[in-house]
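> Give me a 3D structure for the following:
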Amino acid sequence: GMAPETLLFSNHWHEHLELWYLEEGTVNISHNGRPTVIHGGDLAIANSNELHAAYSTSETLSYFCIIIDPKFFATELGQGHFVFHNIISGDTVIKNFFGGIFEEYQAHAVGYDMAIKAKLYELLVYLVRNHISRQITQEEYVARANKLERIMPAVQYIETHYNTEISYSELAQLLNVSKY
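Got it, this is the predicted structure:
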């Protein structure tokens, strides 16, 4: 068991796609500052270059985390960058995919790594066909990454000084921008 309100990961982002499947428990997860509580059977997806953080809000917790390099399926899906829905609730198809992946991993039979990859491809196809919120261009993708890069010092500063009063002027100075 763990104490409720345990920080699982603080605000961060990366180019990789992160699939966070919660098998049991409740977690408060946020994507780009929008918090949502997820429960067993829910899948949270952090898209490429999307700020995300999570706290456990229950004593028992069981989850799978799969981090996928965008290159893993860039060739198959062309150069479009897909933006998936951040939270997918109560989709039994997804639940079954994760169950199958876990079984393969536990059994460790010959070829289990290929079997996991095959299931992962199938899962991605399913997500692409059923859970895409929009598609963004390469330009928009690059602009997004650059924007995050620029604000990172402020995000880090807030996370280390959250218990003190922080002024707009301080943050503006940190980012070399006007407070307006």
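> And the spatially most central residue of the chain, how close does it get to residue 170?
Residue closest to the mean C-alpha point of the chain, counted by C-alpha atoms, centre = their mean, is residue 46 at 2.3 Å. Relative to residue 170, residue 46 is positioned 28 Å away (C-beta to C-beta, to the nearest Å). In short, each C-beta sits where N, CA and C put it, glycine included.
> picking up where we left off before, what residues does the residue nearest to the centre of the chain make contact with?
Contact analysis of residue 46 by C-beta atoms under 8 Å, 6 or more residues apart in numbering lists 13, 17, 18, 20, 31, 52, 86.
> and the third one, how many residues sit next to it?
The one in question is residue 18. Counted by other C-beta atoms under 10 Å, the residues lying close to residue 18 total 19.
> Pretty sure residue 61 sits against residue 38.
No - if you go by C-beta atoms under 8 Å, residue 61 and residue 38 don't touch, sitting 11.2 Å apart.
> which of the contacts of residue 46 lies closest to residue 106?
residue 20 (19.6 Å; C-beta to C-beta).
> Please report the distance of that closest one from residue 36.
Counting by C-beta to C-beta, the gap from residue 20 to residue 36 is 12 Å.
> hey, what's in contact with both of the two?
Contacts common to residue 20 and residue 36, judged by C-beta under 8 Å, 6+ apart, are 29, 44.
> of the two, who's got more company?
Legend: neighbour count by other C-beta under 10 Å for residue 20 and residue 36, higher for residue 20 (23 against 14).
> Make sure residue 65 is actually in contact with residue 19.
Yes - with contact defined as C-beta under 8 Å, residue 65 counts as touching residue 19 (7.2 Å).
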